[in-house]
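In: sequence first, predicted model second:
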Amino acid sequence: MSYSHMLCTTLNSEQTCLLQHLDSIFKNWGILNGAFSLTLPMLLPVKELAQLDVYENFPHQALLVSSLNVNKWREDSQTHGEAEIHVNHLDSIELGLPSAACYGVYLYYKHQKIPSSGILVTVQGQCCRKEKQYEPLRRLVGFHMREIVALGPASFTEAHLHQLSEKIYAFAALMGLPIRKEVAQDPFFQGDSSRALLQRLTSVKYEFLFEDIALASVNNHRNFFGERCHIQLGETGKSVFTSCVGFGLERWLFALYRHYGNWHEPIERLESLKWAA
């Protein structure tokens, strides 16, 4: 597929308003539980993403960034009389576009100790994925993701997923969206590892689906990212467990428009709700 045909959607004023309302609600679910709010970089080092097995497990989604080697490009432009940019005009690849917002959180806490009781972090990231096909709002090369991430003991990270799952169900019901929760199979762990076997025996990822599109996911990473990033639980010397809940904001726009048939009704509905808890 030609990159020129990828759907890099610009949201109009109504869509932007709805996205901001949704993001505020999801963000506040974390803030009201004591979450720290972080702003992450758009690009992350390829070497550090590789240490998290991002390219081992999701090579089909990878989008990488390089800089233009101006000298090579100008030399070829003068020689061949064309200004097109080719692969040989690019420098080495050192940065990647993350496919999920939570990767930056684990890298931020790399080699740190966190309180033994655990912490919550919430971020909004602009994520990018290469897909087999693109559809307006449903599946985009670049999209906004709100995540609420838990780092701490296993009981803390599991309780985080349970609580947020209940909130997702309640919110969807108030908005009139019929959703269902299904097991998903994202390979967080290498296929031949003991963790991968455990993942097959005990589900660690669920998705909340509207029709056939995932609006949100709840993910239990166990101590995988804690070990890879050397994040310790207090003074115990043990690696933290992590879990995250992610919301694809443009997909929520798709679902709400599909349900209401317009943009102003879901905006009015959200404005009328008092999400204090």
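Out: All right, it came through fine. Numbers count the residues shown, from 1 in each chain.
In: how about the helices in the stretch 101-250 of the chain?
Out: Using DSSP state H, counting those that start in this stretch, the helices of the stretch 101-250 of the chain run over 102-108, 154-175, 194-201, 224-228, 249-260.
In: low-confidence ranges in the protein?
Out: Scanning the chain for pLDDT under 70 picks out the ranges 1-8, 81-82, 185-203, 274-277.
In: how about 90 then?
Out: When residues are selected by pLDDT under 90, those of the chain lie in 1-10, 56-58, 60, 69, 71-89, 91, 131-136, 139, 184-205, 271-277.
In: circling back to that earlier point, quick one: closest of the helices of the stretch 101-250 of the chain to residue 69.
Out: With distances scored as CB to CB, the stretch of the helices of the stretch 101-250 of the chain nearest to residue 69 is helix 102-108 (27.6 Å). Heads up, the C-betas are built off the backbone N, CA and C, glycines and all.
In: coming back round to it: in TSV, list the helices of the stretch 101-250 of the chain along with distance to residue 266.
Out: Output for those, formatted as TSV (distance: least, CB to CB, whole Å):
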stretch	distance to residue 266
helix 102-108	27
helix 154-175	7
helix 194-201	36
helix 224-228	35
helix 249-260	4
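In: tabulate those (TSV), appending mean neighbour count and distance to residue 46.
Out: Below are the helices of the stretch 101-250 of the chain laid out as TSV (neighbours: other CB atoms under 10 Å; distance: least, CB to CB, whole Å):
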stretch	mean neighbour count	distance to residue 46
helix 102-108	22	12
helix 154-175	16	27
helix 194-201	13	23
helix 224-228	20	15
helix 249-260	20	26
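In: how about these, which one is nearest residue 211?
Out: Residue 211 sits nearest to helix 249-260 of all the helices of the stretch 101-250 of the chain, at 7.5 Å, using CB to CB.
In: isn't residue 126 up against residue 140?
Out: No. Applying CB atoms under 8 Å as the test, residue 126 and residue 140 come out as separate, 10.5 Å apart.
In: re earlier: nearest to residue 68, out of the helices of the stretch 101-250 of the chain?
Out: Distance to residue 68, taken as CB to CB, is lowest for helix 102-108 among those, at 25.2 Å.
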